[in-house]
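Chemist: A structural model of the following input is requested.
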Amino acid sequence: MEITWYGLSCFRLTERGSASVVTDPYPDDYGYILPRPRGRVVTVSCNHPMRNAVKAVRGPSKVLDGPGEYEIGSVFITGVAIVGAKKRTAPPCRNIIFVFESNGLTVCHLGSLKHVPSQSQIEALGTVNVLLTPIGGKELISTAQAAEVISMLEPKLVIPMHYQAPPGKLRLPLVTTFLKEMGADKVESVESLKVTHSTLPKETQLVLLNPQQ
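Modeler: Numbers count the residues shown, from 1 in each chain. Coordinates of the predicted model:
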């Protein structure tokens, strides 16, 4: 599988012989320019303009924005709903965590996660090989909470998302803060990640991707 990051929470997952997946597409309002990726499946973690610009994806595409189990083009997809804390001025915000399985490899996209899931919610996600996680920011899990989720899921690869990276213009957390929390001195960034189940490391490793524009 090849994993490409376009900035914010948007990724494209591609596997030969399987449906391509685009997660949380965004409009051209945040400093990034989404290069109209093609995706047979588009997942939307929550109904927010930063994550639901499905028309920015070339298709035909099947849009998934709720919990459930799906099989599309040899990709098995599980959506698990996580409801955020209720606020006085707004109803609870529902976030959908998506897990994608293809050729024995599982990738989990935490979406706009706002708190550490319960143990039962963690168990509902199953085995996670590659974790795509936010690492802080307004109303999202903090770097410390991201580290806690990582320790609960025990993935082999961790790819942070939704942090400050050029050319984005939003004030987002710095990835160096997350690396310090994880005890990593320096991690070299790459253009994309190609991984199979057989090439997974034995211990958890961090991977930084350059946003593709």
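
Chemist: C-alpha only now, for contacts and for neighbours.
Modeler: OK.

Chemist: just checking, next helix/strand downstream of the longest helix along the chain?
Modeler: Scanning the chain for the longest helix, with DSSP state H as the assignment, gives helix 143-153. Using DSSP states H and E, the helix or strand that directly follows helix 143-153 along the chain is strand 157-161.

Chemist: where are the low-confidence patches of the protein?
Modeler: Using pLDDT under 70 as the threshold, the predicted model of the chain has low-confidence ranges 84-93.

Chemist: Could you tell me how far stretch 25-32 lies from the centre of the chain?
Modeler: On the basis of CA atoms, centre = their mean, to the nearest Å, stretch 25-32 is displaced by 16 Å from the centre of the chain it belongs to.

Chemist: what's the answer for stretch 44-60, then?
Modeler: Distance, stretch centre to chain centre, for stretch 44-60: 14 Å (CA atoms, centre = their mean).

Chemist: before we move on, the earlier item: what's in contact with the longest helix of the chain?
Modeler: For helix 143-153, the surrounding residues in contact (CA atoms under 8 Å, 6 or more residues apart in numbering) are 115-117, 122, 127-128, 131, 133-136, 158, 177-178, 181-182.

Chemist: likewise stretch 23-43?
Modeler: Surrounding stretch 23-43, the residues in contact under the criterion CA under 8 Å, 6+ apart are 6-7, 9-12, 19-22, 44-45, 49-54, 56-65, 72, 98, 111, 167-170, 213.

Chemist: Those in helices, which ones?
Modeler: Among the contacts of stretch 23-43, none falls in helices (DSSP H).

Chemist: In PyMOL, how would I select the buried members of those residues?
Modeler: Here is the PyMOL command that selects only those of the contacts of stretch 23-43 that count as buried (16 or more other CA atoms under 10 Å):
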select buried, resi 6+7+9+10+11+12+19+20+21+22+44+45+50+51+52+53+54+56+57+61+63+64+65+98+111+168+170
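
Chemist: In strands only, show me the contacts of helix 143-153.
Modeler: Counting by DSSP state E, the part of these found in strands is L131, T133, P134, V158.

Chemist: so which of those is the most crowded?
Modeler: P134 (27 neighbours; other CA atoms under 10 Å).

Chemist: Most widely separated two among the contacts of helix 143-153?
Modeler: Between any two of these, the greatest separation by CA to CA is 26.9 Å, found for T127 and T177.

Chemist: Who has more neighbours out of the two?
Modeler: Relative neighbour count places T127 above the other of T127 and T177, with 17 against 14, counting by other CA under 10 Å.

Chemist: My guess is that one contacts V107. True?
Modeler: No - the pair T127 / V107 is not scored as a contact, 9.1 Å apart, by CA atoms under 8 Å.

Chemist: Burial check on the closest residue to C108 other than its chain neighbours, number of neighbours?
Modeler: Leaving aside its sequence neighbours, C108 sits nearest to V99 (CA to CA, 6 or more residues apart in numbering; 4.3 Å). As a burial measure, the neighbour count of V99 was computed by other CA under 10 Å and equals 24.

Chemist: try D185
Modeler: Other residues near D185 number 9, with proximity taken as other CA under 10 Å.

Chemist: can you check K180 too?
Modeler: Taking other CA under 10 Å as the neighbour definition, K180 ends up with a count of 12.

Chemist: shift numbering so it begins at 24
Modeler: Yes, from this point I'll number from 24; that puts the last item at K203.

Chemist: can you pull the contacts of it?
Modeler: Contacts were defined as CA under 8 Å, 6+ apart; by that measure K203 touches no other residue.
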